[in-house]
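# Please work out how this folds:
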Amino acid sequence: MNAPFVYGVAAEEMYFTDREKETFRLRMNFENGLNTVIISPRRWGKTSLVNKVAEQMKDRSDIRIVRMDAFSVRTPEDFFRLFATEIIRQTATRTEEWMENAKRFLSSLVPIITMSADPMNPVSFSLKSVVSNYGEEVLTLPERIAKEKNIHIIICIDEFQQIGEMNDSVTFQKKLRSVWQHQHSVSYCLYGSKRHLLMNMFGSRSYPFYKFGDMIFLERIPIEYWYEYIQKRFEQADKHISSEIIDQIYAYVDGNSSYVQQLSWLVWARTTNDVNEEILTDAQQDLLNQSHALFMEQMNGLTQYQIRFVRAVMDGKAPEINRKETIDEYELGSSANIATIKKALQKKELVEIEGKDIRFADPIFIHWLRRNTHLLG
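Model prediction:
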């Protein structure tokens, strides 16, 4: 039996809802060779959207979509190895072809095939460098393969913001763009989970990737799409959930797609026949309990100034955070100190800032804070 809801992983097939306009737009970009940048808050479905379009296009013989996750990348060398390995692995259909292509297209790297007892991944492929300066050869690899095979390659890189956190990141970004912008048989789809870093990388004139491609800003999935999605899954188990309860689920998690699925699951699991307010409240408390350890760890790493700032945001003071009255009331020090606090909390991924709008990055965090106000002094 399939689980009625999924969270913590990409939502695919029956679990993917709405995103019709974004799906159409991304597919058009892929089919026409346009670079794409996808930006949204965490857990709003970027990876699910890319996977959806990739699945739709899997039978296209003239297009090959390569997907990779840069989360573990810390250095340029890490990136080059990941990039080369996934390009070779995902543009070939046979293990033998991996070896052949690696030897043919990459003279600076040695292919390594590893056999495993894991039935899901019996063969792994990796590359080992034999010279120190092989970046140019790796970055031109997809263009050379695409021309050889007479196909268009689309490279989708998740967690691309990791590039922005490298030492001397701007120099490395310049290197990437200087090569990628001249490729005609390859296009790129770049996205990640740290919105503020991606906005700097792609939205600031001082960064190499400024105006690199079509920027898609994901919005919340409107609630009307959730009614049918959620109610159908309850009905399949002879359970019933009202539109009013769905409204409350959606509002509680501020429309966050992953949390809508998670809280719906917690409600579903507690329901025998009809959902009532008691079931919803119990599920909400369970969600907070599951998040407690993570939020405690985040709070333990904050300074007193940062904790007072968090309290001010919780109290709805964000629009007037720079006013003298607010600074004095919450003992925030000075306007200059507030700028420092904002930058630190944004780096910790605790808040998201757009102009004067300051909100907690995790919509559950504010509920947890209100339940644990004693932690704020």
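# Tell me the secondary structure of residue 67, please.
strand (DSSP: H, G, I helix; E, B strand; the rest coil).
# how much space between it and residue 6?
Between residue 67 and residue 6 the computed distance is 19 Å (Cβ to Cβ, to the nearest Å). Quick note: C-beta positions are derived from backbone N, CA and C, even for glycine.
# again, but for residue 319
36 Å.
# These two - which one has more neighbours?
Neighbours were counted for residue 319 and for residue 6 using other Cβ atoms under 10 Å; residue 6 has more, 19 against 11.
# Do I have it right that that one meets residue 257?
No: between residue 6 and residue 257 there is no contact under Cβ atoms under 8 Å: 10.6 Å.
# now the helix or strand hosting residue 338: mean pLDDT?
For residue 338, the element it lies in under DSSP states H and E is helix 335-347. For helix 335-347, the mean pLDDT works out to 93.
# from the chain's centre, how far out does that helix sit?
Distance of helix 335-347 from its chain centroid, counting by Cα atoms, centre = their mean, to the nearest Å, is 24 Å.
# do stretch 203-219 as well
With Cα atoms, centre = their mean, you get 16 Å for stretch 203-219.
# Compute the first-to-last residue distance for it.
Taking Cα to Cα, to the nearest Å, the first and last residues of stretch 203-219 lie 18 Å apart.
# in it, what's buried?
For stretch 203-219, burial by neighbour count (16 or more other Cβ atoms under 10 Å) applies to 207, 208, 209, 212, 213, 214, 216, 218.
# And for stretch 53-65?
Those would be 53, 54, 57, 63, 64, 65, for stretch 53-65 by 16+ other Cβ under 10 Å.
# Check stretch 185-204 too.
Under 16+ other Cβ under 10 Å, the buried positions of stretch 185-204 are 185-202.
# quick one: contacts for residue 341?
Residues in contact with residue 341 (Cβ atoms under 8 Å, 6 or more residues apart in numbering) are 305, 306, 309, 332.
# Could I get those residues in TSV, plus columns for neighbour count and distance to residue 371?
Formatted as TSV, the contacts of residue 341 follow (neighbours: other Cβ atoms under 10 Å; distance: Cβ to Cβ, whole Å):
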residue	neighbour count	distance to residue 371
305	17	23
306	20	20
309	27	19
332	20	24
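# For the stretch 151-300 of the chain, which segments are assigned as helices?
169-180, 195-203, 223-235, 243-252, 257-270, 277-300 (DSSP state H, counting those that start in this stretch).
# With respect to burial, which of these scores highest?
The highest average neighbour count among the helices of the stretch 151-300 of the chain, using mean count of other Cβ atoms under 10 Å, belongs to helix 257-270 at a mean of 22.
# which non-adjacent residue is nearest the residue nearest the centre of the chain?
Closest residue to the average C-alpha location of the chain: residue 193 at 3.5 Å, with Cα atoms, centre = their mean. Nearest residue to residue 193 in three dimensions, chain neighbours excluded: residue 42, at 4.9 Å (Cβ to Cβ, 6 or more residues apart in numbering).
# picking up where we left off before, out of the contacts of residue 341, which sit inside helices?
The helices, defined by DSSP state H, take in 305, 306, 309 from these.
# Let me see the contact set for the closest residue to residue 44 other than its chain neighbours.
Once flanking residues are discounted, residue 44 sits nearest to residue 218: 5.0 Å by Cβ to Cβ, 6+ apart. By Cβ under 8 Å, 6+ apart, residue 218 lies in contact with 19, 22, 38, 39, 40, 44, 45, 46, 49.
# Any quick ChimeraX command for the buried ones out of those residues?
Those of these that count as buried under 16+ other Cβ under 10 Å are selected in ChimeraX with:
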select :19,22,38,39,40,44,45,46,49
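# Of the contacts of residue 218, which is the nearest to residue 373?
Proximity of these to residue 373 (Cβ to Cβ) peaks at residue 44, which lies at 28.3 Å.
# mind listing what that closest one touches?
218, 220, 256, 257, 258.
# So the last one is in contact with residue 5, correct?
No: with the criterion set as Cβ under 8 Å, residue 258 and residue 5 do not qualify as a contacting pair; they are 10.0 Å apart.
# where does the nearest residue to residue 212 once chain neighbours are set aside fall, phi/psi-wise?
Excluding the flanking residues, the one nearest residue 212 by Cβ to Cβ, 6+ apart is residue 35, at 5.6 Å. With angles defined as degrees, to the nearest 10, residue 35 sits at phi -70, psi 150.
# Equivalent analysis for the one 4 residues further on, please.
Main-chain torsions, residue 39, degrees, to the nearest 10: phi -130, psi 130.
# Wait, it touches residue 214, no?
No: with contact defined as Cβ under 8 Å, residue 39 does not count as touching residue 214 (11.3 Å).
# Residue 6 in helix, strand or coil?
Quick answer, by three-state DSSP: residue 6 is coil.
# Number of residues surrounding residue 335?
12.
# so how many other residues sit close to the closest residue to it other than its chain neighbours?
Of all residues not flanking residue 335 in the chain, residue 322 sits nearest, at 5.4 Å (Cβ to Cβ, 6+ apart). Close neighbours of residue 322, defined as other Cβ under 10 Å, add up to 13.
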